[in-house]
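Peer 1: the amino acid sequence is not available; the structure is as follows:
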């Protein structure tokens, strides 16, 4: 049992230590997120790796742990605090009472939601939702800066080649990028992320035997590489050298302005850090050993807990020079919150970890009619020393109240520092009736803290990030991922029955988004006069139809059959040429069966292959032969009828001639003989035509059978 003298001594020790160790520690001393230009010396406080405050694990591994406490502080408190909870405590001019003063009155304004959560912008298609964030203004800026940089670079390269006498390469021209092609480029990035191919070799992605045909159908491999290489977001010659975010500031700010405009969050939002993997040269790369990526760019993210919608985003660019920045965590939270409309701020509760928890921040949020909940670091100067002491009473909860503020000290583990939380959301001392007597504040914290971590996990599952050495590209890739996440939330909010019941709904959404983004560009490629065979085949497999005038139908089939070509699906070596008909009719099926084996979609593609040129030509000739045959049959039928009529007429005239001979009428006999002679001549002609018609018909049938 600790005596009163020992208790007094422990309090004196804690007070003296707090003067030198806790009271004067600013928020910047808690986090080493400011970086040096050398990556090896960079460290950052990573307090958001673990999601929950756990009672089943050592509290040193949880959010509410006190790893930051020095060993001397723990050793000075080996005598555990066993006395009853004080009624009043005070620190830095703030008085805390164990009893909540009941104030009768109306409901607090920070507990009133003025606007219902959900999307506020109506959309018709999936791509409309995506264009709410990656706007036309952003795309036009990227198009302009990319064309400007690429043209300048290629002109310099061409001039260098001209000056080099040993260089015999032809000058290269830059094909101007436009809005439609840039959207198609983004669609291919999203498609690669949807099928977990964002780190796959581009050569394999453009190999029609290994991947989907949408890559080859949309653009060439060389064009895609050039866009990745020359994509720029600002004019380097006019860049502000003092602004670290200048290479992408305009595009990034235009994107972040769109985030809070189209969605109303639920009652709980959270702020945390997001580490985007990157190991290239950048002065503000962060090192977080507890994160999976360890190195990367750090984003401060504000999101909705329920829908995982990103409401605000800020890139941390490090400290400028040797200037000590004060109240960084408070300024970050207020900057993110102020991006929300005022009528959206009211009634929302924001949850954050111990890096952000501060008494001044809580008061500023109350002025904005927002409540807050967060774990408090023991180093914070406003925390009373009595709440930091290790208590012998396991699972005990000490609640203290000061106005609208509630502070909790919960002893979760033996011989471990207690967990301290600060809240303006909770007005009463509520504890669950279970074995560990878990306070409601800790339960609510665990339920509302994980929003950013879940978003980070979802983005990493289907990210479009490709390996690059340019950090602005990493920022742009993260913008695309967040835009895809937010557009999915808006689409499902307005179409709740879309693919309901499927567990891979996000992948389906990304694939549909890719098709929508690439459709306009693919429509232009279909209208090309002479598309390449592989491009044409890939476009046909995606359902695009070519107009008949774009198909080359050769009338001279003999010349077409004797022309030799290489099968465009077979390897170029040895590259044996075969007749065009054989290459299209025979070797195509063989070549397809060589490399398309288990892919069901491409097996369907094999069955639906239309050998366009030759098949249409042969079909046309067959149709003509059939028409000629029908004409000959009709002519033969008419000739037979005429032959029958001529035979009857000959019989009649022969009868008339016999009658004239019996009557011995010389005039009638002469006339009858003339008629009989004419009838015999006509009958002979009809028989000749009929024989010729039969020969033509037999020859036509024989030719068709041979073909």
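Peer 2: On my side now, so go ahead. These numbers were taken from a predicted model, which means no experiment stands behind them.

Peer 1: pretty sure residue 310 contacts residue 482?
Peer 2: Yes - look at residue 310 against residue 482 with Cβ atoms under 8 Å: they come within range, at 5.0 Å. Yep, even glycine has a C-beta here, placed from its N, CA and C like the rest.

Peer 1: shared neighbours of these two, anything?
Peer 2: residue 259 (Cβ atoms under 8 Å, 6 or more residues apart in numbering).

Peer 1: neighbour count for these two, which is higher?
Peer 2: residue 310 (27 against 23; other Cβ atoms under 10 Å).

Peer 1: show the model's pLDDT score for residue 584.
Peer 2: pLDDT, residue 584: 43.

Peer 1: same thing with residue 168?
Peer 2: 72.

Peer 1: unless I misread the structure, it falls within a strand.
Peer 2: No - Residue 168: not assigned to a strand; according to DSSP: H, G, I helix; E, B strand; the rest coil it is coil.

Peer 1: count the neighbours of it for me.
Peer 2: 7.

Peer 1: what does it show for phi and psi?
Peer 2: Torsion angles at residue 168 (phi, psi; degrees, to the nearest 10) stand at phi -110, psi 20.

Peer 1: can you start the count at 38 instead of 1 from here on
Peer 2: Sure thing, new numbering starts at 38, so read that last one as residue 205.

Peer 1: so how far is residue 198 from it?
Peer 2: Distance of residue 205 to residue 198, computed by Cβ to Cβ, to the nearest Å: 9 Å.

Peer 1: same question, residue 317
Peer 2: 29 Å.

Peer 1: go on, residue 136?
Peer 2: From residue 136 to residue 198 the distance is 84 Å (Cβ to Cβ).

Peer 1: how about residue 575?
Peer 2: Counting by Cβ to Cβ - residue 575 and residue 198 are separated by 33 Å.

Peer 1: so between the two, which is more surrounded?
Peer 2: residue 575 (23 against 15).

Peer 1: that one falls within a helix, correct?
Peer 2: Yes - applying three-state DSSP, one finds residue 575 inside a helix.

Peer 1: need the contact list for it.
Peer 2: Contacts of residue 575 (Cβ under 8 Å, 6+ apart): 245, 250, 251, 253, 254.

Peer 1: from these, pick the one nearest residue 402.
Peer 2: The closest of the contacts of residue 575 to residue 402 turns out to be residue 251 (Cβ to Cβ; 47.1 Å).

Peer 1: SS state for residue 337?
Peer 2: What three-state DSSP gives for residue 337 is strand.

Peer 1: beta partners for it?
Peer 2: Here residue 337 sits in beta bridges with residue 310, residue 351, as judged by DSSP bridges.

Peer 1: and it, what's its pLDDT?
Peer 2: At residue 337, the predicted lDDT confidence score is 95.

Peer 1: what count of nearby residues applies to it?
Peer 2: Look at residue 337: counted by other Cβ under 10 Å, it has 20 neighbours.

Peer 1: next one: residue 513
Peer 2: By the measure other Cβ under 10 Å, the count of residues near residue 513 is 25.

Peer 1: cool, and residue 236?
Peer 2: That count, for residue 236 with other Cβ under 10 Å as the rule, works out to 11.

Peer 1: re earlier: turn the contacts of residue 575 into TSV, columns for secondary structure, pLDDT and neighbour count.
Peer 2: As requested, the contacts of residue 575 are arranged in TSV below (DSSP: H, G, I helix; E, B strand; the rest coil; pLDDT from 0 to 100; neighbours: other Cβ atoms under 10 Å):
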residue	secondary structure	pLDDT	neighbour count
245	coil	84	20
250	coil	91	19
251	helix	93	22
253	helix	91	21
254	helix	92	25
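
Peer 1: what is the nearest of those residues to residue 533?
Peer 2: The shortest approach to residue 533 among the contacts of residue 575 belongs to residue 251, at 28.4 Å (Cβ to Cβ).

Peer 1: just checking, the closest one touches residue 579?
Peer 2: Yes - under the criterion of Cβ under 8 Å, residue 251 is in contact with residue 579, at a separation of 6.3 Å.

Peer 1: what is the end-to-end distance of stretch 318-326?
Peer 2: End-to-end distance of stretch 318-326: 19 Å, with Cα to Cα, to the nearest Å as the criterion.

Peer 1: ok, now stretch 382-395?
Peer 2: In stretch 382-395, first residue to last residue: 19 Å (Cα to Cα).

Peer 1: domain-wise, how is the protein divided?
Peer 2: Per automatic domain parsing, the structural domains of the chain span 38-168+299-532, 217-267+544-584, 588-646, 652-743.

Peer 1: between those, which gets the lowest average pLDDT?
Peer 2: When the domains of the chain are compared on mean pLDDT, domain 588-646 scores lowest, with a mean of 47.

Peer 1: where's residue 178, which helix or strand?
Peer 2: For residue 178, the enclosing helix or strand under DSSP states H and E is helix 173-200.

Peer 1: ok now stretch 240-255, how far from the chain's centre?
Peer 2: Chain-centre distance of stretch 240-255: 18 Å, with Cα atoms, centre = their mean, to the nearest Å.

Peer 1: what distance separates the start and the end of that stretch?
Peer 2: Stretch 240-255 has an end-to-end distance of 15 Å (criterion: Cα to Cα).

Peer 1: residue contacts, residue 350?
Peer 2: With contact set as Cβ under 8 Å, 6+ apart, residue 350 has these partners: 292, 293, 296, 336, 337, 338, 339, 519.
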